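Undergrad: Sequence plus the predicted model coming up.
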Amino acid sequence: MHRTFKLLTALTLLVLVGPGLWAEPSADLVAAAKKEGKVVVYSITSRIANAATAFEKKYGIKVEAYNLKDGELIEKVSREVGGNIAGADFVISQDSGRVYGQLISTGYLVNYVPDSMKSVIPAKYQNPLVFQYINKVFIFNSEKTAKPVIKNVWELTEPKWKGLVQFKDPKLEGVNQNFLTMLTSPEWSAKLDKAYQDLYGKKLALTTKNAGYEWIKRFFQNGLILGNSDTTISENVGIKGQPATVMGLFVYSKTRYDEKKNLALTPMTEVEPFSGFLYPAFLSMTKNAKNKNAAKLFIEYLLTAEGFAPWSKDVGAYSSNPSVPIDKDDHPMSFWAPKLVDEDPAYLFQNRADVEEFVNTISSN
């Protein structure tokens, strides 16, 4: 199956254009949405609350926004839409493998691309409609040195990094498990195999299925510290006065707290064969949406610079609409894409259970 969601490495989201690139929502849609007067959204991002406030102010339409964890959202939508129970009119979801297998292929979620966005958003990101991309990157405590502390991910399996690396428990967030699963794919296991040979000048001796599984095993068994939130991990890594240099693999957007929390966080962007990973969040209507027009209007709003403002004000958030500018201190997607592991929902849906079982086994040893 071809990689429907593969990132275009040439894509850049640092294209600044005038607001007239897309048309305003049609008067008929706005009128119909106002007649419904309400819209319900389930979201994996808490910033939906700020977008909802701005949308209500702009259109006078009441928004009921619920922030859910990715697994909770998938289960709730499956139960409600599957049972024809009124719930969300549209959702912002992540964990692409499960969304693909449990919500999209079942017909519980319906793809909708506003007419005004069909010529703006790259076709690659229209089915399912991508709302944004988020990245997680290797970030280290730079109090002692600003120079990157690793050049190759296999270094993290060496004794010198034992007990000094943190990562959110993949049992608590699907995208972290997706990242590990993607490493076992033919593409990424081959890259990891080459990176090992480049670093050590010899072939990798496997004790597992391939180089992806091998790196995961050695990474976890080198004293990897599993945290329960990226926020906590960022604070644990960045706090000053630590005797040893530590690092983590967590959401790049957490670097925005450097000054506010007096942290020393510096991302590494030139690590072989990857500096972290990237994952999409989708915008989809539910099959049994009650307020269809209001949902369509809100989806269209979220794809504009105004609607995406709660996210674009910080680093680490990239709209699928290339006309929406990124934070001034960030890099465009054309910079990040070649450096990060991306998601292939079909591969994830078919292989994640096996990798989960493998990770559970090595974590318990």
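TA: In hand now; what should we look at? Computed from a predicted model, the values in this text were never measured in an experiment.

Undergrad: those strands in the protein, which residues are they?
TA: With strands called from DSSP state E, the chain shows them at 38-43, 62-67, 90-93, 109-110, 130-141, 165-168, 225-227, 247-251, 265-267, 276-286, 317-319.

Undergrad: of all the ones you listed, which lies closest to residue 340?
TA: Of all those, it is strand 276-286 that lies closest to residue 340, at 4.2 Å by C-beta to C-beta. Bear in mind the C-beta positions are built from the backbone N, C-alpha and C, glycine included.

Undergrad: and that closest one, what's its mean pLDDT?
TA: Averaging pLDDT along strand 276-286 yields 97.

Undergrad: which one of the strands of the chain lies closest to residue 259?
TA: strand 265-267 (10.4 Å).

Undergrad: Mind giving me the packing neighbours of that closest one?
TA: Judged by 3 or more C-beta pairs under 8 Å, 6 or more residues apart in numbering; DSSP states H and E, the packing partners of strand 265-267 are strand 130-141, helix 230-238.

Undergrad: so what's the closest residue to residue 221 other than its chain neighbours up against?
TA: Among residues not flanking residue 221 along the chain, residue 362 sits closest, at 6.2 Å (C-beta to C-beta, 6 or more residues apart in numbering). By C-beta atoms under 8 Å, 6 or more residues apart in numbering, the contact set of residue 362 is 216-217, 220-221.

Undergrad: Distance from the chain centre to stretch 331-338, please.
TA: Using C-alpha atoms, centre = their mean, to the nearest Å, the mean C-alpha position of stretch 331-338 is found 14 Å from that of the whole chain.

Undergrad: before we move on, what about stretch 343-360?
TA: On C-alpha atoms, centre = their mean, the centre of stretch 343-360 falls 16 Å from that of its chain.

Undergrad: which regions of the stretch 1-150 of the chain sit below the pLDDT cut-off?
TA: 1-23 (pLDDT under 70).

Undergrad: Helices along that one, start to end?
TA: Along the stretch 1-150 of the chain, counting by DSSP state H, counting those that start in this stretch, helices occupy 27-36, 48-59, 70-82, 96-98.

Undergrad: Give me the residues contacting the shortest one.
TA: The list of residues contacting helix 96-98 from outside it, by C-beta under 8 Å, 6+ apart, reads 5, 70-71, 74, 174, 178, 181, 279-280, 282, 343, 345, 347-349, 352.

Undergrad: okay if I get the strands of the chain as TSV plus distance to residue 54?
TA: Shown next, in TSV, are the strands of the chain (distance: least, C-beta to C-beta, whole Å):
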stretch	distance to residue 54
strand 38-43	13
strand 62-67	10
strand 90-93	15
strand 109-110	25
strand 130-141	16
strand 165-168	30
strand 225-227	32
strand 247-251	23
strand 265-267	30
strand 276-286	16
strand 317-319	15
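
Undergrad: Between those, which one is closest to residue 205.
TA: Nearest of the strands of the chain (C-beta to C-beta): strand 165-168, 22.5 Å.

Undergrad: Relative to the closest one, what are the paired strands and their orientations?
TA: strand 225-227 (parallel), strand 247-251 (parallel) (DSSP bridges).

Undergrad: Got the domain ranges for the chain?
TA: 19-133+280-339, 134-277+354-364 (automatic domain parsing).
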